[in-house]
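1. Build the 3D model from these lines:
(one chain, ligands or ions: 1)
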Amino acid sequence: MFNWFRRALGKTEENATVENQPASSVTEAPETPDPEATTKLPPDSPIAPPEPEATPEPEPKVDYLAWAKTAFQNIQARQAPSLDTPTAAPEAVNHPTENFPSPVIAPPPDNPPTPQDSATNIPEAPSQPEISVTTAPDSPPLPSPETPVGEITDLTVPATPTPTTEPDAIPLALDEGFLWSAEVLASQGRRPEDVDLEEITWLQKLRQGLGKTRRGLVNQLKAVVGRGPLGADAVEDIESLLLQADVGVAATDKIIQALQTKIRQDALPADQAIDYLKQILRDVLEEPFQNGYDPNFAPQKQRLNIWLMTGVNGVGKTTTIGKIAHVASTSGYPCLVAAADTFRAAAVEQVKIWAARSGVEVIANPGKNTDPAAVVFDGISAAQSRHCELLLIDTAGRLQNKQNLMEELKKIRRIVDKKAPDAHIESLLVLDATLGQNGLRQAQVFAEAAQLTGVVITKLDGTAKGGVALAVVQELGLPIRFIGAGEGIKDLRPFSSYEFVEALLSS
Ligand SMILES: Nc1nc2c(ncn2[C@@H]2O[C@H](COP(=O)(O)OP(=O)(O)OP(=O)(O)O)[C@@H](O)[C@H]2O)c(=O)[nH]1
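-> Numbers count the residues shown, from 1 in each chain. Sure, this is the predicted structure:
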């Protein structure tokens, strides 16, 4: 299994750090965001006006096709069925050459994460919480490094069936989608031998999900910016395009101001203007990192991390909990779920189903209208006694009224702070991207009561336009931590502003 959190931390091998993290993503940020951080950009400023251009060193030109073929070969070799007769595992290809050698075996990811070992002998819990024990599904054996070398003949191989066969696994093929994904990864400085099929699959899903918005945006944007310096009419055109993409008024204004500043100086050709627009969107998405939020988001090892999951019903909160549990447990973080959405009995059952898919245990209290604070208390006790590193707490998405809901969230937070003072706590709001600006209003309601520290955006594979990501960052100043693009257990990944913007604007 691919360790998505190690990737987010800019590491693809043990203790190796890929030199590809964009500058803004490696700044060490204090642990808890300081809203009054001095680095806050003045409210009315456009994106920081462009620095005087230093003559950059010419970037070594990457042969993206060679890079993609090398990555493809390594992935295909890892997909090849292992045979009985072990053979020496030659070095992975990492120096693409024109006439490609026959595929070589890249060693399987080092120290692959062990599946969540679900404790079967549960210690007597002090209270009477019900603990549903699930065992991690038998993960398929990793291809042995001795997998034999074979000639590449068929460039399309079926994707390896995953333990829970994904509804729409994308077959591996060296096609346009693979090449696009490879270029996105290569341009971040990744090495072809490190790339995993899961990364390619995810990037293709993300690009598909944002395809409709991208086609609309890019074609019309190119027509507008291609006319040279932005005049009033051009600004109006771009403004309406961004608003139609759910970017929201505040983020749109900021983007337009930055674009005008740049294009007023140079009559940029359309492609360069689009590249500059990409940079502006990345700057908007990464602004929380300038204000104290850590750009690298992963549970801290050897420590209890508690992630409170909030959001109204229907946005995909339960599904998201199951998906995050899957990412965490397959990335080597012992994980537990506390079903504290006790307002709806069905919610507890639903969380159990999703957690079982990820082989993660659920702490729940049977019975009607159980006190969610008691479930949280039991969940933390269980996580502490089992030295879990990640406790996901599902909270109510709907109560009799907003006031009660907010009070309950505050009470849960007080329990967490009291019971686990040393835990690293995140409070993540789950937002449905298809709700567009309505989702933003929900976010504002939760922001204060739930002491939010981040956002998860779901349903980017549906009719979502994607712009809500920019709107929510601009309005709430919160970083996006995950995005979901499908109903499968693997359809949620840590958020990358670079990859999101490429999927939104790169045709
Ligand atoms: N297409 C798509 N559907 C999603 C995604 N995430 C969740 N869903 C679907 O959205 C619906 C609601 O998901 P839930 O996880 O039940 O939402 P919830 O917020 O827990 O809502 P309640 O179950 O009412 O508490 C389900 O049908 C999910 O399959 C996504 O990324 N893409």
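2. Direction included, what does the helix or strand in which residue 337 is found pair up with?
-> Element membership for residue 337, per DSSP states H and E: strand 335-340. The pairing partners recorded for strand 335-340 under DSSP bridges are strand 361-364 (parallel), strand 390-395 (parallel).
3. Scan the protein for its longest strand.
-> Looking across the chain with DSSP state E, the single longest strand is strand 424-432.
4. what are the C-alpha coordinates of that one, in PDB please?
-> Output of strand 424-432 as PDB, limited to C-alpha atoms (Å, rounded to 0.1, in the frame of the first residue of the first chain):
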ATOM      1  CA  HIS A 424      -2.700  16.800  18.900                       C
ATOM      2  CA  ILE A 425      -6.200  17.900  18.000                       C
ATOM      3  CA  GLU A 426      -7.600  18.800  14.600                       C
ATOM      4  CA  SER A 427     -11.200  19.800  13.900                       C
ATOM      5  CA  LEU A 428     -12.000  19.200  10.300                       C
ATOM      6  CA  LEU A 429     -15.200  20.400   8.600                       C
ATOM      7  CA  VAL A 430     -16.500  18.200   5.800                       C
ATOM      8  CA  LEU A 431     -18.000  20.200   2.900                       C
ATOM      9  CA  ASP A 432     -19.900  18.900  -0.100                       C
END
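5. Which elements pack onto that strand?
-> Other helices and strands packing on strand 424-432, by 3 or more C-beta pairs under 8 Å, 6 or more residues apart in numbering; DSSP states H and E, are strand 305-310, helix 402-419, helix 437-449, strand 454-458, strand 480-484. C-beta: built from backbone N, CA, C; applies to glycine.
6. ok and the longest helix that the chain contains relative to strand 480-484, angle-wise?
-> When the chain is scanned for its longest helix (criterion: DSSP state H), the result is helix 270-290. Per axes from the mean of the first three to the mean of the last three C-alpha atoms, to 10 degrees, the angle that helix 270-290 makes with strand 480-484 is 120 degrees.
7. buried set for helix 270-290?
-> Neighbour-count burial for helix 270-290 flags 270, 273-274, 276-278, 280-290 (criterion: 16 or more other C-beta atoms under 10 Å).
8. and what of stretch 306-316?
-> Across stretch 306-316, burial judged by 16+ other C-beta under 10 Å covers 306-312, 315-316.
9. just these that are near the ligand?
-> 311, 315-316 (C-beta under 6 Å from any ligand atom).
10. name the helices or strands packed onto the longest helix of the chain?
-> On a contact count with 3+ C-beta pairs under 8 Å, 6+ apart, helix 270-290 meets helix 211-225, helix 249-265, helix 468-476, helix 497-505.
11. got the CA coordinates for that helix in PDB?
-> Output of helix 270-290 as PDB, limited to C-alpha atoms (Å, rounded to 0.1, in the frame of the first residue of the first chain):
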ATOM      1  CA  ALA A 270      -2.500  33.200 -23.200                       C
ATOM      2  CA  ASP A 271      -0.500  30.200 -22.000                       C
ATOM      3  CA  GLN A 272       1.700  32.300 -19.900                       C
ATOM      4  CA  ALA A 273      -1.300  34.100 -18.500                       C
ATOM      5  CA  ILE A 274      -2.800  30.800 -17.600                       C
ATOM      6  CA  ASP A 275       0.400  29.700 -15.900                       C
ATOM      7  CA  TYR A 276       0.400  32.900 -13.900                       C
ATOM      8  CA  LEU A 277      -3.300  32.300 -13.000                       C
ATOM      9  CA  LYS A 278      -2.300  28.900 -11.700                       C
ATOM     10  CA  GLN A 279       0.300  30.500  -9.500                       C
ATOM     11  CA  ILE A 280      -2.300  32.900  -8.100                       C
ATOM     12  CA  LEU A 281      -4.800  30.100  -7.300                       C
ATOM     13  CA  ARG A 282      -2.000  28.200  -5.600                       C
ATOM     14  CA  ASP A 283      -1.100  31.300  -3.600                       C
ATOM     15  CA  VAL A 284      -4.700  31.600  -2.500                       C
ATOM     16  CA  LEU A 285      -4.900  27.900  -1.500                       C
ATOM     17  CA  GLU A 286      -1.600  28.100   0.400                       C
ATOM     18  CA  GLU A 287      -2.200  31.400   2.200                       C
ATOM     19  CA  PRO A 288      -3.200  29.600   5.500                       C
ATOM     20  CA  PHE A 289       0.400  28.300   5.500                       C
ATOM     21  CA  GLN A 290       1.600  31.900   5.700                       C
END
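12. before we move on, back to that, and the helices and strands packed on strand 424-432: which comes nearest residue 176?
-> Ranking the helices and strands packed on strand 424-432 by distance to residue 176, with C-beta to C-beta as the measure, places strand 480-484 first at 22.3 Å.
13. Need the contact partners of the closest one.
-> 206, 285, 297, 316, 319-320, 323-324, 426, 428, 454-460, 469, 472-473, 491-495, 497, 500 (C-beta atoms under 8 Å, 6 or more residues apart in numbering).
14. so for that strand, what's the average pLDDT?
-> Across strand 480-484, pLDDT averages out at 97.
15. cool, stretch 289-305 as well?
-> 95.
16. what's the span of stretch 186-196, first residue to last?
-> Using C-alpha to C-alpha, to the nearest Å, the end-to-end distance of stretch 186-196 comes to 13 Å.
17. now the longest strand of the chain: mean pLDDT?
-> If you average the pLDDT over strand 424-432, you get 95.
18. Number the residues from 34 up from this point.
-> Right, with 34 as the first residue, what we last looked at is strand 457-465.
19. which neighbours does that strand have in its sheet, and in what orientation?
-> Listed by DSSP bridges, the sheet partners of strand 457-465 and their directions read strand 338-343 (parallel), strand 487-491 (parallel).
20. export those to a markdown table and tack on distance to residue 392?
-> Shown next, in a markdown table, are those (distance: least, C-beta to C-beta, whole Å):
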| stretch | distance to residue 392 |
| --- | --- |
| strand 338-343 | 18 |
| strand 487-491 | 21 |
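21. mind checking how far residue 532 is from residue 344?
-> Using C-beta to C-beta, to the nearest Å, residue 532 is found at 23 Å from residue 344.
22. whoops, residue 356 was the one
-> 14 Å.
23. so how far is residue 38 from residue 364?
-> Relative to residue 38, and taking C-beta to C-beta, residue 364 is found at 4 Å.
24. Could you name every residue contacting both of these two?
-> residue 331.
25. Double-check that residue 413 belongs to a strand.
-> No. Checked against DSSP: H, G, I helix; E, B strand; the rest coil, residue 413 lies outside a strand; its state is helix.
26. which residues does it contact?
-> By C-beta under 8 Å, 6+ apart, residue 413 lies in contact with 337, 339, 371, 424, 448-449, 452-453, 456.
27. Of these, which pair is most distant in space?
-> 337 and 448 (14.1 Å).
28. Can you tell me how far residue 373 is from the ligand?
-> 12 Å (C-beta to the nearest ligand atom, to the nearest Å).
29. Could you report the neighbour count for the residue of the stretch 384-533 of the chain found nearest the ligand?
-> Nearest residue of the stretch 384-533 of the chain to the ligand: residue 517, at 3.4 Å (C-beta to the nearest ligand atom). Number of residues near residue 517 (other C-beta atoms under 10 Å) recorded here: 26.
30. partners of it in the sheet?
-> residue 525.
31. angle of the strand holding residue 370 against helix 435-452?
-> Using the same axes, to 10 degrees: strand 368-373 against helix 435-452 is 140 degrees.
32. what's the next secondary structure element after strand 368-373?
-> Counting by DSSP H and E, the element after strand 368-373 in chain order, helix or strand, is helix 378-390.
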